[in-house]
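> Sequence and predicted model, in that order:
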Amino acid sequence: MENKQNDRRYILGCLAALLLLVAIDQCTKVLAVQKLKDQDAIVWIPGVFELLYLENRGAAFGIFENMRWMFLFGTGLILVLTIFLFRRFPKKRKYIPFLVSLTMIAAGGIGNLIDRLRLGYVIDFFYFSLIDFPVFNVADIYVTVGVALFAILYLITGEEEFSCLSRKK
């Protein structure tokens, strides 16, 4: 009984974090529309970083532009994989970093999925002009940090920690 309560606590915590992260992403996009759309870029650090409104109908550097179905399918696949992994990881303290990384990946995917379903494009607004990096948004940060965190954790903990993901008999 205590195990199920513990599982519920972790699940509810991750769900609350997921909703909060998605809300933050969507709020920043609303602000981007209000403050940046049809305006000149806001330069924070000249020649380095600026806020620039962009309606992204593709992926980074505009690849796969107007292939909305592919992004919807891909995001759906990633969300299914994330849910699968989340369900398989034991809800124990030592796995919290993995659960956090999966929550971040899911929040980023959902944040951009909302844009694609609602608008047909993703609102991007962060731009590192110094390196001409693709314009991105908060959801993109969640996905990037979540994937990097998951990869680092995997490399640090090794494969034996992932035995929990194998099918239980």
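Received it, and whenever you're ready, just let me know what you need. Numbers count the residues shown, from 1 in each chain.
> And the strand or helix carrying residue 155, what does it pack against?
Assigned by DSSP states H and E, residue 155 belongs to helix 138-157. Packing contacts for helix 138-157, counted by 3 or more Cβ pairs under 8 Å, 6 or more residues apart in numbering; DSSP states H and E, involve helix 2-36, helix 96-118. Quick note: C-beta positions are derived from backbone N, CA and C, even for glycine.
> What angle do helix 96-118 and it make with each other?
Using axes from the mean of the first three to the mean of the last three Cα atoms, to 10 degrees, the inter-axis angle of helix 138-157 relative to helix 96-118 is 150 degrees.
> Can you tell me what sits against the least confident helix or strand in the chain by mean pLDDT?
Ranked by mean pLDDT, DSSP states H and E, the weakest helix or strand in the chain is helix 68-88, scoring a mean of 84. Helix 68-88 is contacted from outside by 14, 57, 59, 64, 98-99, 102-103, 105-106, 109-110, 112-113, 116-117, 120, 164-165, using Cβ atoms under 8 Å, 6 or more residues apart in numbering.
> about what we covered before: could you check the helix holding residue 155 and say which residues are buried?
138, 139, 140, 141, 142, 143, 146, 147, 149, 150 (16 or more other Cβ atoms under 10 Å).
> Filter the contacts of helix 68-88 down to the buried ones and express that as a ChimeraX selection.
This is the ChimeraX syntax for the buried subset of the contacts of helix 68-88, where burial follows 16+ other Cβ under 10 Å:
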select :14,57,98,99,102,103,105,106,109,110,112,113,116
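> do you know how far the residue nearest in space to the middle of the chain is from residue 28?
Centroid-nearest residue in the chain: residue 108, 2.1 Å away (criterion: Cα atoms, centre = their mean). Taking Cβ to Cβ, to the nearest Å as the measure, residue 108 and residue 28 are separated by 12 Å.
> got it, and residue 56?
14 Å.
> okay, these two: which has more neighbours?
A side-by-side neighbour count of residue 56 and residue 28, using other Cβ atoms under 10 Å, places residue 56 first with 21 against 18.
> Now do the contacts for that one.
62, 121, 122, 123, 124, 135.
> Narrow these to those that are buried.
Here, 16+ other Cβ under 10 Å leaves 121, 122, 123, 124, 135 buried among the contacts of residue 56.
> Sweet, I'm off.
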